[in-house]
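Participant: sequence-free structure coming up:
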């Protein structure tokens, strides 16, 4: 009865349990040659050692991968908090662009280039959006606008730039997406 339950629980495999072995099995094991018993035990310990070595190697690889990811994305939080500052700076640039010959505009343009170089050196890149097909993985639609100028589902305008850090999304681009005009009476 117990053996039937063990077999059902393991999907047909029979569990070897020395303590619950039937007297016939125990007697059979006792009849083995002592040399064969030692060989069987050595084979069992060799298999255990191989499995343990494989587990250790997998653990080392996983730990190295996690350490590498932690180093690659260590600045992620800092960069996420820097993005609104860059947005505000860009709005200031737009206001200053009315007089592009002024020293304020020239100085702000130099700072903008330094910021772009800094982001690039950190592995940050802007997500292309305007004129692209809407991709919910990297774009966030804030509204739709009816138009016949571009196909439905195409990004018309970007209201807030999106960025990714290497292969990880930092912030989706907020966009306005084109939709087909509704036909009157439909």
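Facilitator: Cool, the structure landed. These numbers come from a predicted model, not from an experiment.
Participant: ok, which stretches of this protein are helices?
Facilitator: 2-9, 23-31, 34-72, 76-96, 103-121 (DSSP state H).
Participant: got a pLDDT number for the residue of the chain most remote from its centre?
Facilitator: What lies farthest from the middle of the chain is residue 31; by C-alpha atoms, centre = their mean that is 57.4 Å. As predicted, residue 31 sits at a pLDDT of 71.
Participant: tell me which helix or strand in this protein has the weakest average pLDDT.
Facilitator: Least confident helix or strand, the chain: helix 2-9 with a mean of 43, by mean pLDDT, DSSP states H and E.
Participant: excluding chain neighbours, what is closest to the most centrally placed residue in the chain?
Facilitator: When C-alpha atoms, centre = their mean is applied to the chain, the residue found nearest the centroid is residue 168 (6.4 Å). Distances taken as C-beta to C-beta, 6 or more residues apart in numbering place residue 73 nearest to residue 168, at 6.3 Å, with adjacent residues excluded. Any C-beta I mention is one placed from the backbone N, CA and C, and that applies to glycine too.
Participant: so how far is the first residue of stretch 156-171 from its last?
Facilitator: 19 Å (C-alpha to C-alpha, to the nearest Å).
Participant: same question for it, mean pLDDT?
Facilitator: 93.
Participant: does residue 169 touch residue 136 like I think?
Facilitator: No: counting by C-beta atoms under 8 Å, residue 169 stays clear of residue 136, with 11.4 Å between them.
Participant: neighbour count for those two, which is higher?
Facilitator: residue 169 (13 against 8; other C-beta atoms under 10 Å).
Participant: beta-bridge partners for the more buried one, please?
Facilitator: On the basis of DSSP bridges, residue 169 is bridged to residue 164.
Participant: re the thing from before, list the residues that contact the residue nearest to residue 168.
Facilitator: Residue 73 makes contacts with 165, 166, 168, as judged by C-beta atoms under 8 Å, 6 or more residues apart in numbering.
Participant: do the same with residue 130
Facilitator: Per C-beta under 8 Å, 6+ apart, neighbours of residue 130: 155, 156, 157, 158, 175.
Participant: skipping its backbone neighbours, what lies nearest the third one in space?
Facilitator: Beyond its immediate neighbours in the sequence, the residue positioned closest to residue 157 (C-beta to C-beta, 6+ apart) is residue 176, lying 4.7 Å away.
Participant: fine by me, thanks again.
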